[in-house]
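Chemist: Everything below, folded, please.
(one chain, ligands or ions: 2)
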Amino acid sequence: MNFESLRAALPAGDTLDRLHADMERARLVPTWKYVADFVSREPLVSYRPWLWKWDAVLHHLLRAGELITPERGAERRSMEHTNPDLRSGFSTSHTLATAVQLVKAGERAPAHRHMAAAIRFAARSEGGDVFTTVEGEPLRMLQNDLLLTPSGTWHEHVNSTGHDIVWLDALDFPLVNLLQASWFEPGEPGVAVPREEGYSQTILGAMRPTDWLPYPDHHPVVRYPWSEMRAALERLRGAAGSPYDDILLAYVNPRNGGPTLPTIGCHAQLLRPGKATQSHRQMCSTVYYVIEGAGHSVIEGQRFDWAEGDVFVVPNWRWHEHASAMGRDAILFSVSDEPVMRALGMYREQAFAGPSGRQEITAVFDPV
Ligand SMILES: [Fe+2]
Ligand SMILES: [Fe+2]
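Modeler: Ligands and ions are numbered 1, 2, ... in the order given. Next up is the predicted model:
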């Protein structure tokens, strides 16, 4: 077949309507008709910013603590921060899902692994040693430590203390599900070869054993102690800081200085007392957890007041700025899909135009 013979066989008296109808039957769609439906001038963001108050979340979690017994799946006693616009995907932003989990004294979550990568943060317990075991290595969970569970790594939780523990989880499962790449595998206790506590810190650190071998795992298992992050923020207190985030530090991959995980970038930031940042928007979505202090963020003209323990989400490409209350520091922890957007060459940032560099507040968030 060539152009000449095909052209000779074209229908006489053809019309555009007939062509469209025939194309439809051939499972072909005219780009000239639909291009605006799949190439938008601005990002089409399908969900709104939202905020979850810590007291309200904890209230529900404690109720679940009474009702969700080991027989009823206590190892999944966790509550997803589900954006009202992303209910079907159970997610907080279009790529990230955060949740709070309650593990009661003596409970154990059996070993398992999955495609979704996870971080755990902000464990709160009333004392005792709390560990999550990742690839056989027990990682201590002191308050606000950050722990990684990279994609495909075995992990299990054992609460051998006499106290209940609550922590924040963040996972990339919405992205994994978008890519249709999810898998999950249960395992027996001890399925991963046991490692000493501190194994990854020793093998990744500046001083290594003389028989050091390249780090064996695809992505390192890392525990980032909060004491070190807090001290690092404090050392920068006198610095100029970022106009959009004040003092902002990234948790990096100790092997290469890259993002925390390939799909989840973690940051901690100090907003010095009475600080009000400028507004910008970023081609990434970010979920914030308030570690300490109080303040508010303005997202697309809406004011979100926050205090310790609250979680809020800034969707992709939405104007946002932050302000701490007068008289005390505010410290925020955040997870974002920025590493994904950077890896794909899609990351962008834009400063808010206007003399003050800040948005006008036109509404105040009310979850009711
Ligand atoms: Fe898991
Ligand atoms: Fe930002």
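
Chemist: Poorly predicted segments of the stretch 151-300 of the chain, please.
Modeler: Applying pLDDT under 70 to the stretch 151-300 of the chain flags the ranges 212-217.

Chemist: How about the stretch 1-150 of the chain?
Modeler: For the stretch 1-150 of the chain, the ranges with pLDDT under 70 are 1, 127-128.

Chemist: Helices of that one, start to end?
Modeler: Counting by DSSP state H, counting those that start in this stretch, one finds helices in the stretch 1-150 of the chain at the ranges 3-8, 16-25, 31-38, 54-67.

Chemist: swap in the stretch 201-350 of the chain?
Modeler: With DSSP H, counting those that start in this stretch as the criterion, the stretch 201-350 of the chain has helices at 226-235, 338-343.

Chemist: what's the most buried one of these?
Modeler: helix 338-343 (a mean of 19; mean count of other C-beta atoms under 10 Å). Quick note: C-beta positions are derived from backbone N, CA and C, even for glycine.

Chemist: Just the residues contacting that helix, thanks.
Modeler: 95, 175, 258-265, 282-284, 286, 347 (C-beta atoms under 8 Å, 6 or more residues apart in numbering).

Chemist: taking the mean pLDDT, what do you get for that helix?
Modeler: Averaged over helix 338-343, pLDDT sits at 98.

Chemist: about what we covered before: between the contacts of helix 338-343, which is nearest Ser227?
Modeler: Thr260 (17.9 Å; C-beta to C-beta).

Chemist: one step back: in JSON lines: the helices of the stretch 201-350 of the chain, plus distance to Gln101.
Modeler: Below are the helices of the stretch 201-350 of the chain laid out as JSON lines (distance: least, C-beta to C-beta, whole Å):
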{"stretch": "helix 226-235", "distance to Gln101": "18"}
{"stretch": "helix 338-343", "distance to Gln101": "24"}
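
Chemist: Of all the ones you listed, which one is nearest Gln180?
Modeler: So among the helices of the stretch 201-350 of the chain, helix 338-343 is nearest, using C-beta to C-beta, at 15.8 Å.

Chemist: For that closest one, C-alpha coordinates in PDB please.
Modeler: Output of helix 338-343 as PDB, limited to C-alpha atoms (Å, rounded to 0.1, in the frame of the first residue of the first chain):
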ATOM      1  CA  GLU A 338       9.800  17.200  44.500                       C
ATOM      2  CA  PRO A 339      12.400  14.400  43.800                       C
ATOM      3  CA  VAL A 340      10.000  12.800  41.200                       C
ATOM      4  CA  MET A 341       9.400  16.100  39.500                       C
ATOM      5  CA  ARG A 342      13.100  16.900  39.400                       C
ATOM      6  CA  ALA A 343      14.100  13.500  38.100                       C
END
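
Chemist: quick one, strands of the stretch 1-150 of the chain?
Modeler: 50-52, 78-80, 97-103, 108-114, 118-125, 131-134, 137-140, 146-149 (DSSP state E, counting those that start in this stretch).

Chemist: Would you convert those into JSON lines that also reports distance to Arg358 and mean neighbour count?
Modeler: What follows is the strands of the stretch 1-150 of the chain, written out as JSON lines (distance: least, C-beta to C-beta, whole Å; neighbours: other C-beta atoms under 10 Å):
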{"stretch": "strand 50-52", "distance to Arg358": "19", "mean neighbour count": "22"}
{"stretch": "strand 78-80", "distance to Arg358": "32", "mean neighbour count": "18"}
{"stretch": "strand 97-103", "distance to Arg358": "27", "mean neighbour count": "23"}
{"stretch": "strand 108-114", "distance to Arg358": "41", "mean neighbour count": "17"}
{"stretch": "strand 118-125", "distance to Arg358": "29", "mean neighbour count": "22"}
{"stretch": "strand 131-134", "distance to Arg358": "40", "mean neighbour count": "23"}
{"stretch": "strand 137-140", "distance to Arg358": "40", "mean neighbour count": "21"}
{"stretch": "strand 146-149", "distance to Arg358": "30", "mean neighbour count": "24"}
